[in-house]
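fold the following for me, if possible:
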Amino acid sequence: MNKNKRSRLIVVVLMVLFFGIVLVPAAGATSEKSASEKEGNEAKSVDDSRWSEWKQAHTVEVEVTTIYDYKKDGKLKITETYSGEKLKGKYKVDNLTRSQTFSVEDGEEITVSAESGSLKLKPGDQTEIVTRESIVLTPEGEPYQWWTTASLTTPSTASSITSLTTSSTSLVYPQWTYSKFTYLFKTYYKVEDPINLVWEDNSLKAVKNVVLSQKWVDYPVEYTHYLPYPDGSWVAGDGVADSKYRIYGGYHTRFWELPCGDVVSSAHHDDNFFIIPGHQVDGYENAESRVAGFFGTAPGVYWLDNVCYSDDYNACNNGYAAIF
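The predicted model follows:
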């Protein structure tokens, strides 16, 4: 081989090596981008844009006044009041109030923790904390109509299960629970916790009995949560928990039997109620796993697009509901 031919061959080899090095990662990047784009554009089980628009239209900033009233009989009453000019301007409401009462063992002195430090309360003491937050609030006649949302995809599965694809007129699953407030003669509902468990073709009684058999208790102390139904009613959840008061924290869930014959639930873990603002959610995924474990291995999950983080603990709900 003469010198010129050998030089040209070396050049060709170098070019092949150079472009091979350049093109291999480029191809990898293209594949990763395509996968990412595919995930981002993947059809979801709920119309998240429709929910986002509804949520934005019903979000209002409020002032929150929380009063800890430690009565001499050993009962601790926690009262939350929402108020503010924006609430009044949007809904013509001066304030919305709810309260919950717990029994403190032996009426002993308690320490309540807040961001500003710890407060000691003994029977007869009262303290007040004022904060600001944005809430999602709707009048009784303006619920988010989850039952008209099209399910556009099948669930992710651990094994083969029946497709959950439905038409735009079919009943799917709600995403959120709501707490109830009344003002004068009007009723309002505030968005609260995500739905994270589903049982197909089952009854509320049957599902609830499985959980109660694990030494959980019926009729725990709780705020009643509701779901809007297609007939215009707001249906109260049926709550159970691992203890009645969960003074130092505990697992808690509420059940609903839907018109389609399926059961849904919102499982969470509550914090210690001595931590202001008291008895807030500090975990969703751990509670979902705990309740799901009573039923064995879930055959799949259903994407509800209700990813959220609790205000005080940044506890995450991943947007999927275990389905049985």
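
now the strands: where do they sit in the stretch 101-250 of the chain?
For the stretch 101-250 of the chain, the strands defined by DSSP state E, counting those that start in this stretch cover 110-114, 117-121, 126-139, 156-157, 176-183, 186-194, 197-199, 217-218, 225-228, 234-236, 238-241, 250-257.

in terms of mean pLDDT, which of the ones you listed ranks lowest?
Comparing mean pLDDT across the strands of the stretch 101-250 of the chain, the weakest is strand 156-157, with a mean of 41.

neighbours of the residue lying closest to residue 237 once chain neighbours are set aside, just the number please.
Leaving out its chain neighbours, the residue that sits closest to residue 237 by Cβ to Cβ, 6 or more residues apart in numbering is residue 254, at 3.2 Å. All C-beta atoms are positioned from the backbone trio N, CA, C, and that covers glycine. When counting by other Cβ atoms under 10 Å, one arrives at 26 neighbours for residue 254.

list the contacts of residue 254.
By Cβ atoms under 8 Å, 6 or more residues apart in numbering, residue 254 lies in contact with 177, 222, 225, 237, 238, 239, 240, 265, 266.

if we go to 6 Å?
225, 237, 239, 266 (Cβ atoms under 6 Å, 6 or more residues apart in numbering).

nearest to residue 207, of the strands of the stretch 101-250 of the chain?
Ranking the strands of the stretch 101-250 of the chain by proximity to residue 207 (Cβ to Cβ) places strand 197-199 first, at 5.2 Å.

send the alpha carbons of stretch 187-200 over as CSV?
The C-alpha coordinates for stretch 187-200 follow below in CSV (Å, rounded to 0.1, in the frame of the first residue of the first chain):
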residue,chain,number,x,y,z
THR,A,187,-73.0,25.5,52.5
TYR,A,188,-69.5,25.4,51.3
TYR,A,189,-67.0,22.6,50.7
LYS,A,190,-63.2,22.9,51.0
VAL,A,191,-60.9,20.5,49.1
GLU,A,192,-58.9,18.3,51.5
ASP,A,193,-57.3,14.9,50.9
PRO,A,194,-56.5,12.8,47.8
ILE,A,195,-58.3,9.5,47.1
ASN,A,196,-55.6,6.8,47.0
LEU,A,197,-57.4,3.4,47.2
VAL,A,198,-60.0,1.8,45.0
TRP,A,199,-61.9,-1.5,45.3
GLU,A,200,-63.8,-2.6,42.2
